[in-house]
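Chemist: got a predicted model here, sequence first, then my questions.
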Amino acid sequence: METTFRRLLLRTFCLLALGILAPPFLLAQEVESSEDTVCVQRDVADAIRGALNRPPKADSTDSGSLLLIPIIGSNPATGFMLGVGVQYGFKMPGDQTNFSMLSGSVQFTSKNQKIFLLKNNVYTKNNNIFFTGDWRYLIFSQPTYGLGTNAPQDGILDYQYNLGGLDTSVDSLAQPMNYNFIRIHQSASFRILRQHPGLYVGLGYALDHYSKIEDLKLRLEPGDSVITSHYGYNTRYQFNTDKYYISTFNLNFIWDTRDNMINPYTGHFLMLSWRGGPKMLGNKVPASFFFAEWRSFHSLSKRNPRHLLAFWLTGDFGKAGKFPYMILPATSYDQRSRSARGYSQGRFRGNNLVYGEAEYRFPISQCGGVWGGVLFVNATTASNPVSSVKLFEYVKPGYGLGLRMMVDKKTRTNLAIDFGFGDKSSGFYLAATETF
(Lines give C-alpha, C1' and ligand atoms only; values in the text may rest on other atoms or scores of the structure.)
Protein backbone atom coordinates (compact mmCIF):
# COMPACT_ATOMS: atom_id res chain seq x y z
CA MET A 1 0.00 0.00 0.00
CA GLU A 2 2.85 2.37 0.92
CA THR A 3 4.61 1.59 -2.37
CA THR A 4 1.45 2.33 -4.35
CA PHE A 5 1.01 5.66 -2.54
CA ARG A 6 4.64 6.52 -3.20
CA ARG A 7 4.23 5.79 -6.91
CA LEU A 8 1.11 7.95 -7.01
CA LEU A 9 3.01 10.87 -5.45
CA LEU A 10 5.87 10.39 -7.88
CA ARG A 11 3.49 10.44 -10.86
CA THR A 12 1.87 13.60 -9.48
CA PHE A 13 5.27 15.24 -9.20
CA CYS A 14 6.24 14.21 -12.73
CA LEU A 15 2.97 15.51 -14.17
CA LEU A 16 3.50 18.80 -12.36
CA ALA A 17 7.02 19.08 -13.80
CA LEU A 18 5.70 18.20 -17.27
CA GLY A 19 3.19 21.03 -17.00
CA ILE A 20 5.97 23.43 -16.12
CA LEU A 21 8.04 22.41 -19.11
CA ALA A 22 5.15 22.32 -21.59
CA PRO A 23 5.76 24.79 -24.41
CA PRO A 24 3.46 27.79 -24.64
CA PHE A 25 1.74 26.64 -27.84
CA LEU A 26 0.12 23.76 -25.94
CA LEU A 27 -2.06 26.33 -24.19
CA ALA A 28 -4.28 27.48 -27.03
CA GLN A 29 -5.83 30.30 -25.03
CA GLU A 30 -2.58 31.93 -24.00
CA VAL A 31 -2.46 35.63 -24.87
CA GLU A 32 0.58 37.56 -26.03
CA SER A 33 -0.07 40.67 -23.96
CA SER A 34 -1.88 41.38 -20.72
CA GLU A 35 -3.33 44.51 -22.34
CA ASP A 36 -5.37 42.45 -24.85
CA THR A 37 -8.48 42.61 -22.68
CA VAL A 38 -11.72 44.55 -22.30
CA CYS A 39 -11.39 44.45 -18.52
CA VAL A 40 -10.18 47.66 -16.91
CA GLN A 41 -8.41 46.66 -13.72
CA ARG A 42 -9.42 48.45 -10.51
CA ASP A 43 -7.72 48.42 -7.12
CA VAL A 44 -8.69 49.17 -3.53
CA ALA A 45 -8.26 52.94 -3.98
CA ASP A 46 -10.62 52.89 -6.98
CA ALA A 47 -13.19 50.91 -5.00
CA ILE A 48 -13.06 53.36 -2.10
CA ARG A 49 -13.32 56.39 -4.37
CA GLY A 50 -16.22 54.76 -6.19
CA ALA A 51 -18.06 54.13 -2.93
CA LEU A 52 -17.59 57.79 -2.04
CA ASN A 53 -18.78 58.88 -5.52
CA ARG A 54 -15.43 60.48 -6.24
CA PRO A 55 -13.74 60.41 -9.68
CA PRO A 56 -10.88 57.93 -10.29
CA LYS A 57 -7.44 59.11 -9.27
CA ALA A 58 -5.28 60.36 -12.14
CA ASP A 59 -2.75 57.72 -13.15
CA SER A 60 0.95 58.61 -12.94
CA THR A 61 3.17 56.07 -14.68
CA ASP A 62 6.32 57.59 -13.13
CA SER A 63 5.31 57.28 -9.48
CA GLY A 64 6.02 54.28 -7.33
CA SER A 65 3.79 52.24 -5.10
CA LEU A 66 4.51 51.99 -1.36
CA LEU A 67 2.70 49.40 0.74
CA LEU A 68 2.94 48.95 4.51
CA ILE A 69 1.59 45.72 6.03
CA PRO A 70 1.23 45.03 9.76
CA ILE A 71 2.49 41.58 10.69
CA ILE A 72 0.45 39.90 13.43
CA GLY A 73 0.33 36.16 13.93
CA SER A 74 1.11 33.14 16.04
CA ASN A 75 2.52 29.66 15.43
CA PRO A 76 4.36 27.03 17.50
CA ALA A 77 7.77 27.96 16.05
CA THR A 78 7.60 31.69 16.83
CA GLY A 79 4.88 32.15 19.44
CA PHE A 80 3.10 35.52 19.11
CA MET A 81 4.56 37.63 16.29
CA LEU A 82 4.35 41.39 15.79
CA GLY A 83 6.03 43.50 13.15
CA VAL A 84 5.72 45.53 9.98
CA GLY A 85 6.46 44.77 6.34
CA VAL A 86 7.08 47.26 3.55
CA GLN A 87 7.15 46.88 -0.22
CA TYR A 88 8.02 49.53 -2.79
CA GLY A 89 7.26 48.90 -6.46
CA PHE A 90 8.77 51.35 -8.94
CA LYS A 91 10.09 51.75 -12.48
CA MET A 92 13.46 53.16 -13.53
CA PRO A 93 13.63 55.48 -16.60
CA GLY A 94 13.17 53.99 -20.05
CA ASP A 95 10.17 53.05 -22.16
CA GLN A 96 10.99 49.33 -22.05
CA THR A 97 11.98 49.18 -18.37
CA ASN A 98 10.23 46.60 -16.20
CA PHE A 99 8.87 47.28 -12.74
CA SER A 100 11.32 46.76 -9.88
CA MET A 101 10.66 45.86 -6.26
CA LEU A 102 12.24 46.54 -2.87
CA SER A 103 10.81 44.83 0.19
CA GLY A 104 11.67 44.31 3.82
CA SER A 105 10.27 43.55 7.24
CA VAL A 106 11.03 43.79 10.94
CA GLN A 107 9.46 41.20 13.24
CA PHE A 108 9.61 40.39 16.95
CA THR A 109 8.14 37.34 18.66
CA SER A 110 7.21 36.23 22.17
CA LYS A 111 10.04 33.65 21.98
CA ASN A 112 12.61 36.48 21.83
CA GLN A 113 13.16 36.03 18.10
CA LYS A 114 14.16 39.05 16.06
CA ILE A 115 13.87 39.01 12.27
CA PHE A 116 15.21 41.65 9.87
CA LEU A 117 14.75 41.10 6.12
CA LEU A 118 15.62 43.15 3.04
CA LYS A 119 15.08 41.96 -0.56
CA ASN A 120 15.81 43.70 -3.86
CA ASN A 121 14.87 42.93 -7.47
CA VAL A 122 15.78 45.95 -9.56
CA TYR A 123 15.90 46.56 -13.33
CA THR A 124 18.00 49.55 -14.40
CA LYS A 125 17.16 51.77 -17.40
CA ASN A 126 15.80 49.72 -20.32
CA ASN A 127 16.47 46.53 -18.34
CA ASN A 128 20.21 46.70 -19.07
CA ILE A 129 21.14 45.35 -15.61
CA PHE A 130 19.11 43.19 -13.24
CA PHE A 131 20.04 43.29 -9.56
CA THR A 132 18.74 40.68 -7.14
CA GLY A 133 19.51 40.39 -3.46
CA ASP A 134 18.47 38.66 -0.25
CA TRP A 135 19.77 40.18 3.02
CA ARG A 136 18.76 38.72 6.39
CA TYR A 137 19.67 38.95 10.05
CA LEU A 138 17.87 36.55 12.39
CA ILE A 139 18.09 35.88 16.10
CA PHE A 140 16.02 32.78 15.71
CA SER A 141 14.85 29.36 16.81
CA GLN A 142 13.59 26.62 14.52
CA PRO A 143 13.17 22.84 14.65
CA THR A 144 14.87 20.51 12.20
CA TYR A 145 13.73 16.97 11.43
CA GLY A 146 16.71 15.32 9.79
CA LEU A 147 17.67 14.96 6.13
CA GLY A 148 15.56 13.53 3.32
CA THR A 149 11.85 13.82 2.58
CA ASN A 150 11.15 10.79 4.75
CA ALA A 151 12.58 12.42 7.89
CA PRO A 152 12.06 12.01 10.80
CA GLN A 153 11.02 8.38 10.14
CA ASP A 154 14.55 7.41 9.09
CA GLY A 155 16.42 10.25 10.74
CA ILE A 156 19.69 9.97 12.59
CA LEU A 157 18.16 10.30 16.08
CA ASP A 158 18.36 7.11 18.07
CA TYR A 159 15.83 8.20 20.71
CA GLN A 160 12.96 8.12 18.22
CA TYR A 161 13.06 4.32 18.20
CA ASN A 162 12.99 4.05 22.00
CA LEU A 163 9.58 5.36 23.01
CA GLY A 164 8.09 2.22 24.51
CA GLY A 165 6.56 1.05 21.26
CA LEU A 166 4.11 3.98 21.18
CA ASP A 167 3.23 5.70 17.92
CA THR A 168 5.02 9.04 17.81
CA SER A 169 3.97 12.19 16.00
CA VAL A 170 6.19 14.24 13.71
CA ASP A 171 6.23 17.11 16.21
CA SER A 172 7.43 14.83 18.99
CA LEU A 173 10.48 14.02 16.85
CA ALA A 174 11.32 17.65 16.07
CA GLN A 175 14.82 18.77 17.01
CA PRO A 176 14.60 22.40 18.22
CA MET A 177 17.56 24.70 17.64
CA ASN A 178 18.48 28.28 18.54
CA TYR A 179 20.90 30.28 16.39
CA ASN A 180 21.85 33.60 14.86
CA PHE A 181 21.80 33.76 11.07
CA ILE A 182 23.26 36.28 8.63
CA ARG A 183 22.58 36.00 4.90
CA ILE A 184 24.07 38.31 2.27
CA HIS A 185 23.19 37.28 -1.28
CA GLN A 186 23.67 39.89 -4.00
CA SER A 187 23.99 39.48 -7.78
CA ALA A 188 24.16 41.72 -10.83
CA SER A 189 23.17 40.30 -14.22
CA PHE A 190 23.85 42.08 -17.52
CA ARG A 191 21.79 41.94 -20.70
CA ILE A 192 23.84 40.26 -23.41
CA LEU A 193 21.80 40.49 -26.66
CA ARG A 194 19.90 43.52 -27.90
CA GLN A 195 17.64 41.41 -30.13
CA HIS A 196 16.80 39.15 -27.15
CA PRO A 197 16.28 41.60 -24.27
CA GLY A 198 15.44 38.90 -21.72
CA LEU A 199 18.84 37.17 -21.75
CA TYR A 200 21.28 37.97 -18.91
CA VAL A 201 24.63 36.74 -17.65
CA GLY A 202 25.76 37.80 -14.20
CA LEU A 203 27.87 37.25 -11.14
CA GLY A 204 27.53 37.81 -7.43
CA TYR A 205 28.51 36.93 -3.90
CA ALA A 206 26.71 34.85 -1.26
CA LEU A 207 27.37 34.45 2.46
CA ASP A 208 25.38 32.24 4.84
CA HIS A 209 26.66 32.49 8.42
CA TYR A 210 25.30 30.60 11.46
CA SER A 211 26.53 31.35 14.98
CA LYS A 212 25.55 30.78 18.63
CA ILE A 213 23.97 27.45 17.64
CA GLU A 214 22.18 25.68 20.48
CA ASP A 215 21.09 22.11 19.68
CA LEU A 216 18.48 21.76 22.40
CA LYS A 217 17.88 17.98 22.27
CA LEU A 218 21.55 17.09 22.01
CA ARG A 219 22.85 15.10 24.99
CA LEU A 220 26.38 13.70 25.09
CA GLU A 221 26.39 12.18 28.61
CA PRO A 222 27.66 8.57 28.58
CA GLY A 223 24.75 6.17 28.95
CA ASP A 224 22.17 8.93 28.40
CA SER A 225 23.08 10.35 25.01
CA VAL A 226 20.87 11.74 22.25
CA ILE A 227 22.63 12.42 18.95
CA THR A 228 20.69 14.91 16.85
CA SER A 229 20.72 15.08 13.08
CA HIS A 230 22.64 18.38 13.14
CA TYR A 231 25.35 17.08 15.45
CA GLY A 232 25.62 13.68 13.78
CA TYR A 233 25.90 15.09 10.24
CA ASN A 234 28.42 17.83 11.11
CA THR A 235 30.53 15.43 13.17
CA ARG A 236 30.50 12.84 10.38
CA TYR A 237 31.83 15.39 7.88
CA GLN A 238 34.07 17.21 10.38
CA PHE A 239 32.24 20.54 10.55
CA ASN A 240 31.97 22.72 13.63
CA THR A 241 28.69 22.30 15.54
CA ASP A 242 28.62 25.74 17.23
CA LYS A 243 29.13 28.09 14.29
CA TYR A 244 30.01 27.92 10.60
CA TYR A 245 29.55 29.69 7.30
CA ILE A 246 29.83 29.25 3.54
CA SER A 247 31.23 32.06 1.41
CA THR A 248 30.83 31.74 -2.37
CA PHE A 249 30.97 33.45 -5.72
CA ASN A 250 28.10 32.74 -8.06
CA LEU A 251 27.66 32.81 -11.85
CA ASN A 252 24.14 33.23 -13.25
CA PHE A 253 22.33 32.80 -16.53
CA ILE A 254 18.82 34.31 -16.70
CA TRP A 255 16.10 34.22 -19.35
CA ASP A 256 13.19 36.46 -18.38
CA THR A 257 10.16 37.19 -20.60
CA ARG A 258 7.66 37.97 -17.81
CA ASP A 259 5.42 40.94 -18.48
CA ASN A 260 5.63 41.99 -14.82
CA MET A 261 7.95 40.71 -12.09
CA ILE A 262 5.65 41.52 -9.17
CA ASN A 263 2.58 39.73 -10.56
CA PRO A 264 3.13 38.13 -14.00
CA TYR A 265 0.24 37.35 -16.33
CA THR A 266 2.35 35.87 -19.14
CA GLY A 267 5.94 34.89 -19.81
CA HIS A 268 8.70 32.67 -18.48
CA PHE A 269 11.63 32.95 -16.10
CA LEU A 270 14.67 30.67 -16.12
CA MET A 271 17.69 30.94 -13.82
CA LEU A 272 20.74 28.69 -13.85
CA SER A 273 23.22 29.45 -11.08
CA TRP A 274 26.52 27.93 -9.99
CA ARG A 275 27.96 28.76 -6.57
CA GLY A 276 31.60 28.05 -5.83
CA GLY A 277 33.33 28.43 -2.48
CA PRO A 278 37.13 28.09 -2.66
CA LYS A 279 39.28 27.98 0.45
CA MET A 280 40.55 31.49 -0.31
CA LEU A 281 37.13 32.79 0.81
CA GLY A 282 37.57 31.15 4.21
CA ASN A 283 35.68 27.92 3.58
CA LYS A 284 36.72 24.76 5.43
CA VAL A 285 36.73 22.74 2.20
CA PRO A 286 36.23 23.77 -1.45
CA ALA A 287 32.52 23.46 -2.17
CA SER A 288 30.10 24.18 -4.97
CA PHE A 289 26.51 23.50 -5.90
CA PHE A 290 24.15 24.11 -8.77
CA PHE A 291 20.74 25.78 -8.63
CA ALA A 292 18.06 25.85 -11.34
CA GLU A 293 14.68 27.62 -11.32
CA TRP A 294 11.85 27.73 -13.85
CA ARG A 295 8.62 29.75 -13.70
CA SER A 296 5.98 30.05 -16.39
CA PHE A 297 2.66 31.89 -16.64
CA HIS A 298 -0.12 30.99 -19.07
CA SER A 299 -3.21 33.17 -19.49
CA LEU A 300 -6.56 31.40 -19.91
CA SER A 301 -8.62 34.44 -20.87
CA LYS A 302 -8.11 37.25 -23.36
CA ARG A 303 -10.83 39.21 -21.57
CA ASN A 304 -9.39 38.94 -18.06
CA PRO A 305 -5.64 38.23 -17.74
CA ARG A 306 -5.95 37.51 -14.00
CA HIS A 307 -7.33 34.11 -15.07
CA LEU A 308 -4.19 31.99 -15.57
CA LEU A 309 -2.09 28.94 -14.74
CA ALA A 310 1.34 29.35 -13.15
CA PHE A 311 4.11 26.78 -12.65
CA TRP A 312 7.27 26.81 -10.54
CA LEU A 313 10.11 24.28 -10.41
CA THR A 314 13.42 24.53 -8.52
CA GLY A 315 16.36 22.24 -7.93
CA ASP A 316 19.39 22.50 -5.60
CA PHE A 317 22.20 20.01 -6.15
CA GLY A 318 25.40 19.58 -4.14
CA LYS A 319 27.86 16.86 -3.20
CA ALA A 320 27.54 15.11 0.16
CA GLY A 321 29.74 16.39 2.96
CA LYS A 322 30.69 19.70 1.33
CA PHE A 323 28.34 21.95 3.34
CA PRO A 324 27.45 22.13 7.05
CA TYR A 325 24.00 20.90 8.04
CA MET A 326 21.98 24.13 8.19
CA ILE A 327 23.45 25.40 4.90
CA LEU A 328 22.11 22.39 2.99
CA PRO A 329 19.18 23.20 0.65
CA ALA A 330 15.88 23.39 2.55
CA THR A 331 12.27 24.36 1.91
CA SER A 332 11.17 27.99 2.29
CA TYR A 333 14.72 29.34 2.06
CA ASP A 334 14.09 30.85 -1.40
CA GLN A 335 14.30 34.63 -1.70
CA ARG A 336 10.62 35.17 -0.83
CA SER A 337 10.56 32.28 1.69
CA ARG A 338 7.43 30.91 0.00
CA SER A 339 8.20 27.35 -1.14
CA ALA A 340 6.38 24.34 0.36
CA ARG A 341 3.28 26.12 1.61
CA GLY A 342 1.64 23.81 4.11
CA TYR A 343 4.94 23.04 5.89
CA SER A 344 7.13 25.03 8.26
CA GLN A 345 10.35 26.65 7.09
CA GLY A 346 13.17 24.12 6.88
CA ARG A 347 10.82 21.14 7.25
CA PHE A 348 12.60 19.24 4.44
CA ARG A 349 16.35 19.41 3.94
CA GLY A 350 18.95 17.47 1.96
CA ASN A 351 22.13 17.79 -0.06
CA ASN A 352 19.85 17.60 -3.14
CA LEU A 353 16.32 19.04 -3.19
CA VAL A 354 13.71 19.41 -5.95
CA TYR A 355 10.51 21.38 -5.51
CA GLY A 356 7.56 21.92 -7.84
CA GLU A 357 4.32 23.89 -7.63
CA ALA A 358 1.30 24.56 -9.83
CA GLU A 359 -1.15 27.37 -9.13
CA TYR A 360 -4.51 28.26 -10.67
CA ARG A 361 -5.19 31.99 -10.34
CA PHE A 362 -8.66 33.33 -11.04
CA PRO A 363 -10.78 36.46 -10.59
CA ILE A 364 -13.58 36.46 -8.01
CA SER A 365 -14.95 39.94 -8.65
CA GLN A 366 -16.56 40.86 -11.93
CA CYS A 367 -14.22 41.77 -14.79
CA GLY A 368 -11.54 44.14 -13.52
CA GLY A 369 -12.64 43.84 -9.90
CA VAL A 370 -10.49 43.89 -6.81
CA TRP A 371 -10.87 40.31 -5.55
CA GLY A 372 -9.20 37.17 -6.84
CA GLY A 373 -8.33 33.70 -5.63
CA VAL A 374 -5.81 30.88 -6.05
CA LEU A 375 -5.72 27.10 -5.75
CA PHE A 376 -2.33 25.41 -5.52
CA VAL A 377 -0.58 22.05 -5.22
CA ASN A 378 3.10 21.45 -4.52
CA ALA A 379 5.53 18.60 -4.00
CA THR A 380 8.98 18.31 -2.40
CA THR A 381 11.66 15.64 -2.57
CA ALA A 382 15.02 15.72 -0.77
CA SER A 383 17.92 13.29 -0.48
CA ASN A 384 19.88 12.05 2.52
CA PRO A 385 23.48 10.93 1.85
CA VAL A 386 23.84 9.47 5.36
CA SER A 387 21.06 6.89 4.91
CA SER A 388 21.33 6.69 1.07
CA VAL A 389 17.87 8.20 0.48
CA LYS A 390 17.73 9.42 -3.14
CA LEU A 391 15.69 12.10 -4.86
CA PHE A 392 12.11 11.01 -5.71
CA GLU A 393 12.36 8.01 -3.38
CA TYR A 394 10.02 9.92 -1.07
CA VAL A 395 7.77 12.80 -2.18
CA LYS A 396 5.76 15.04 0.15
CA PRO A 397 2.76 16.87 -1.33
CA GLY A 398 1.05 20.04 -0.20
CA TYR A 399 -2.04 21.92 -1.31
CA GLY A 400 -4.15 24.91 -0.41
CA LEU A 401 -6.13 27.96 -1.41
CA GLY A 402 -5.85 31.69 -1.07
CA LEU A 403 -7.49 35.08 -1.47
CA ARG A 404 -6.09 38.03 -3.40
CA MET A 405 -6.92 41.74 -3.12
CA MET A 406 -5.56 44.16 -5.74
CA VAL A 407 -4.06 47.03 -3.74
CA ASP A 408 -2.19 48.71 -6.59
CA LYS A 409 -3.25 48.12 -10.19
CA LYS A 410 -0.26 49.92 -11.72
CA THR A 411 2.33 47.55 -10.26
CA ARG A 412 -0.22 44.70 -9.96
CA THR A 413 0.52 44.39 -6.26
CA ASN A 414 -1.84 41.99 -4.51
CA LEU A 415 -2.35 41.45 -0.81
CA ALA A 416 -2.16 37.65 -0.52
CA ILE A 417 -3.72 35.46 2.17
CA ASP A 418 -3.09 31.70 1.84
CA PHE A 419 -3.97 28.55 3.76
CA GLY A 420 -1.67 25.59 3.07
CA PHE A 421 -1.95 21.95 4.11
CA GLY A 422 0.65 19.17 4.10
CA ASP A 423 1.22 15.78 5.66
CA LYS A 424 0.16 16.32 9.30
CA SER A 425 0.96 19.99 8.85
CA SER A 426 -0.67 23.30 7.92
CA GLY A 427 0.19 26.96 7.63
CA PHE A 428 -1.26 30.46 7.27
CA TYR A 429 0.51 33.02 5.06
CA LEU A 430 0.10 36.79 4.65
CA ALA A 431 2.17 38.56 2.00
CA ALA A 432 2.27 41.59 -0.30
CA THR A 433 3.07 39.76 -3.55
CA GLU A 434 2.31 36.52 -5.30
CA THR A 435 4.14 33.43 -4.10
CA PHE A 436 6.16 33.29 -7.34
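Modeler: Okay, I see it.
Chemist: how about the strands in the stretch 101-250 of the chain?
Modeler: Here the stretch 101-250 of the chain has its strands, by DSSP state E, counting those that start in this stretch, at 114-123, 129-144, 175-193, 196-215, 219-221, 224-226, 244-256.
Chemist: can you lay out the ones you listed as CSV showing mean neighbour count?
Modeler: From N, CA and C alone the C-beta is placed, and that goes for glycine too. Converted to CSV, the strands of the stretch 101-250 of the chain look like this (neighbours: other CB atoms under 10 Å):
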stretch, mean neighbour count
strand 114-123, 18
strand 129-144, 19
strand 175-193, 17
strand 196-215, 17
strand 219-221, 10
strand 224-226, 12
strand 244-256, 19
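Chemist: and those, which one is worst for confidence?
Modeler: Among the strands of the stretch 101-250 of the chain, strand 224-226 carries the lowest mean pLDDT, at a mean of 86.
Chemist: Arg404 is in contact with Ser365, correct?
Modeler: No. Counting by CB atoms under 8 Å, Ser365 stays clear of Arg404, with 10.1 Å between them.
Chemist: what do those two both touch?
Modeler: Any residue near both Ser365 and Arg404 by CB atoms under 8 Å, 6 or more residues apart in numbering counts here, and that gives 371-372.
Chemist: more neighbours, these two?
Modeler: More neighbours surround Arg404 than the other of Ser365 and Arg404, with 22 against 15 (other CB atoms under 10 Å).
Chemist: number of nearby residues for the nearest residue to that one once chain neighbours are set aside?
Modeler: Closest residue to Arg404 apart from its sequence neighbours, by CB to CB, 6 or more residues apart in numbering: Gly372 at 3.9 Å. The local packing of Gly372 (other CB under 10 Å) involves 21 other residues.
Chemist: which strand or helix spans Gly372?
Modeler: In this assignment (DSSP states H and E), Gly372 forms part of strand 371-382.
Chemist: avg pLDDT for stretch 329-343?
Modeler: Here stretch 329-343 scores 91 as its mean pLDDT.
Chemist: how far is it from where the chain is centred?
Modeler: 4 Å (CA atoms, centre = their mean, to the nearest Å).
Chemist: what about that stretch, how long is it end to end?
Modeler: 15 Å (CA to CA, to the nearest Å).
Chemist: contacts for that stretch, please.
Modeler: Outside stretch 329-343, the residues within contact range by CB under 8 Å, 6+ apart are 119, 132, 134, 185, 289, 314, 316, 318, 344-353, 355, 357, 376, 378, 380, 382, 396, 398-400, 418, 420-422, 425-427, 429, 431, 433, 435-436.
Chemist: at 7 Å instead, please
Modeler: Here stretch 329-343 makes contact (CB atoms under 7 Å, 6 or more residues apart in numbering) with 119, 134, 314, 316, 345-350, 353, 355, 376, 378, 380, 398-400, 418, 420-422, 425-427, 429, 435-436.
Chemist: cool, stretch 425-436 as well?
Modeler: By CB under 7 Å, 6+ apart, stretch 425-436 touches 67, 69, 73, 85, 87, 103, 262-263, 295, 310, 312, 338, 341-344, 413-420.
Chemist: what do you get if the cut-off is 6 Å, keeping everything else the same?
Modeler: With contact meaning CB atoms under 6 Å, 6 or more residues apart in numbering, stretch 425-436 is reached by 67, 69, 87, 262-263, 295, 312, 338, 342-343, 416-420.
Chemist: wait, which of these is closest to Met271?
Modeler: Distance to Met271, by CB to CB, is smallest for Arg295 among the contacts of stretch 425-436, at 8.9 Å.
Chemist: was I right to think the closest one contacts Ala310?
Modeler: No. Contact criterion CB atoms under 6 Å: Arg295 and Ala310 do not qualify, at 7.2 Å.
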